[in-house]
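Asker: with the sequence up front, the predicted model follows.
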Amino acid sequence: MDYAAGQGYQETGRPEVSKTAKVIAGGSIGEGLAGAAALVLAILGLVGVYPPLMAAVATIVFGAAILIGGGAISSRVKNLMEESTRGNFDMAEVGGGMTAEFLAGIAGVVLGVLALLGIMPQLLLGIAVIVFGGALVVGSSTTQELNYLAATRYENETARILAREAVGAASSLQLLFGIGAIVMGILALVDEPRLTFTLIGLLIVGTSGFFSGSAVTGRMTSLFRRR
């Protein structure tokens, strides 16, 4: 969710823009921390520390992570729509990505809780990984759109070019993470060792969430210092 990273470079005088940047940055920090937690839980499961429990908890945590990230953006929809009317980006893509994240987050939390209760855990966790992967794939276009908006806020032309290149790389990386998670989820449903495939898939999505949140945190720290 890198929209916040560029909200203040050229419009630092607008309180609502600053508030939007802070809200979305806060959501991204939460998403990054939850992604890191899911990553750690997946690693613990892979090394043999209560794998079924770690997988279920990691699923709940990552579901909450993308709910946090999506919620931060949805809370500032009015401001995003203002940017859309200026032609800065396509609000339809952003809305689609938000919807996908919300649905995937809710589904992940529900499936994780059911698995934690012992209701067909291997099946439900495999499905959750596929859902998370799908959300990353769908959200990659949204990430690109929001990151591109951030990139255009740099005043220096060289900085804009470098930022746009970084945007493409970040979007492609998220897409690859999503595809990888989908593959792991499918393998978890049809092949053994199912739990291992599930944990690898959770490791992938947790890594994606961590890097996404960390990138926004770093940019926002720099932005606030400039203020």
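Answerer: In hand now; what should we look at? Numbers count the residues shown, from 1 in each chain.
Asker: what's the weakest-modelled helix or strand in this structure?
Answerer: Least confident helix or strand of the chain, by mean pLDDT, DSSP states H and E, is helix 77-85 with a mean of 51.
Asker: list the contacts of Leu124.
Answerer: Shown in contact with Leu124 (CB atoms under 8 Å, 6 or more residues apart in numbering): 111-112, 114-115. The C-beta positions use only the backbone N, C-alpha and C, and glycine is treated the same way.
Asker: separation between it and Phe210?
Answerer: To Phe210, Leu124 is 24 Å away according to CB to CB, to the nearest Å.
Asker: same thing with Val47?
Answerer: For Val47 relative to Phe210 (CB to CB), the value is 18 Å.
Asker: more crowded one of those two?
Answerer: Phe210 (21 against 10; other CB atoms under 10 Å).
Asker: and the more buried one, what helix or strand is that in?
Answerer: helix 194-226 (DSSP states H and E).
Asker: any idea of the mean pLDDT in that helix?
Answerer: For helix 194-226, mean pLDDT rounds to 75.
Asker: likewise for stretch 56-68?
Answerer: Rounded mean pLDDT across stretch 56-68 is 91.
Asker: how about that stretch: buried residues?
Answerer: By neighbour count on 16 or more other CB atoms under 10 Å, the buried set for stretch 56-68 is 56-68.
Asker: could you dump it to PDB, C-alpha only?
Answerer: C-alpha atoms of stretch 56-68 as PDB (Å, rounded to 0.1, in the frame of the first residue of the first chain):
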ATOM      1  CA  ALA A  56      -3.600 -22.100  11.700                       C
ATOM      2  CA  VAL A  57      -2.400 -19.100  13.700                       C
ATOM      3  CA  ALA A  58      -0.400 -17.800  10.800                       C
ATOM      4  CA  THR A  59      -3.400 -17.900   8.600                       C
ATOM      5  CA  ILE A  60      -5.500 -15.900  11.100                       C
ATOM      6  CA  VAL A  61      -2.600 -13.400  11.500                       C
ATOM      7  CA  PHE A  62      -2.100 -12.800   7.800                       C
ATOM      8  CA  GLY A  63      -5.900 -12.600   7.300                       C
ATOM      9  CA  ALA A  64      -5.900  -9.800   9.900                       C
ATOM     10  CA  ALA A  65      -2.900  -8.200   8.200                       C
ATOM     11  CA  ILE A  66      -4.500  -7.700   4.900                       C
ATOM     12  CA  LEU A  67      -7.700  -6.500   6.600                       C
ATOM     13  CA  ILE A  68      -5.600  -3.800   8.400                       C
END
